[in-house]
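1. Sequence and computational prediction follow.
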Amino acid sequence: MIFDWFKSKEFYYEEIFKKLQKKKVHFVVVGGIAVSLYGAVRLTSDADIILELDVENVKKFMSALGELGYEPKVPVDPLDFADPRKREKWIKEKGMKVFAFWHPKRPLELVDVFVENPIDFQEIDKEKTVKKARGFEVPIPSLRHLVKLKKLAGWEQDLKDVEILEKLYGKIQ
């Protein structure tokens, strides 16, 4: 069944994507939102984002989230994420995969940003697809990259997402 999320009454995280556009942040939305934007029925409670991890882009991203009231779920300065040495330390010492944010007034709205990109951002960016709706754009990876990301994650839900996408689009290499 194909679902057009853009025609639904609410599109969660619209304000984030609009703000990131306005600040010219280089990012793609992955995870359940990307799966849904390809037309698969998929509920998700968070926005999973892959950023170009250069310092200036990360600072623009953190500024955007801060202006919207989002805070890190862990008690650290969000600008620490812009420092590649600190990200590397988080990966090695804490096994961190994503840097999670939440909104204190809307605690069910979560944003997870990859601490390390499983696929080079430039590679994803070259093939990305942009879905347009209600005056804003949502950049998502190509089907090929989305499936690769899902397989790399390997969680049960990710593998189910791959199955559903392949039912809709055929085998994806």
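-> That came through, no problem.
2. Closest to the centroid, which residue in this structure?
-> Geometric centre of the chain, nearest residue: Ile49, 1.9 Å, by Cα atoms, centre = their mean.
3. That residue and Val113 touch, don't they?
-> Yes - contact criterion Cβ atoms under 8 Å: Ile49 and Val113 qualify, at 5.0 Å. (Each C-beta comes from the backbone N, C-alpha and C, glycine too.)
4. just for the protein, where's the confidence low?
-> 1-12, 133 (pLDDT under 70).
5. all helices in it, in order from the N-terminus.
-> 14-22, 31-37, 55-67, 84-94, 121-127, 143-153, 156-169 (DSSP state H).
6. what does the longest one contact?
-> Right, the one you point to is helix 156-169. 2, 32, 35, 38-42, 143, 146-147, 150-151, 172 (Cβ atoms under 8 Å, 6 or more residues apart in numbering).
7. report the angle between the axes of that helix and helix 143-153?
-> 160 degrees (axes from the mean of the first three to the mean of the last three Cα atoms, to 10 degrees).
8. Report the buried residues of helix 156-169.
-> 158, 161-162, 164-165 (16 or more other Cβ atoms under 10 Å).
9. biggest separation within the contacts of helix 156-169, which pair?
-> Ile2 and Lys151 (22.3 Å; Cβ to Cβ).
10. Which one's more surrounded, the two?
-> Lys151 (13 against 8; other Cβ atoms under 10 Å).
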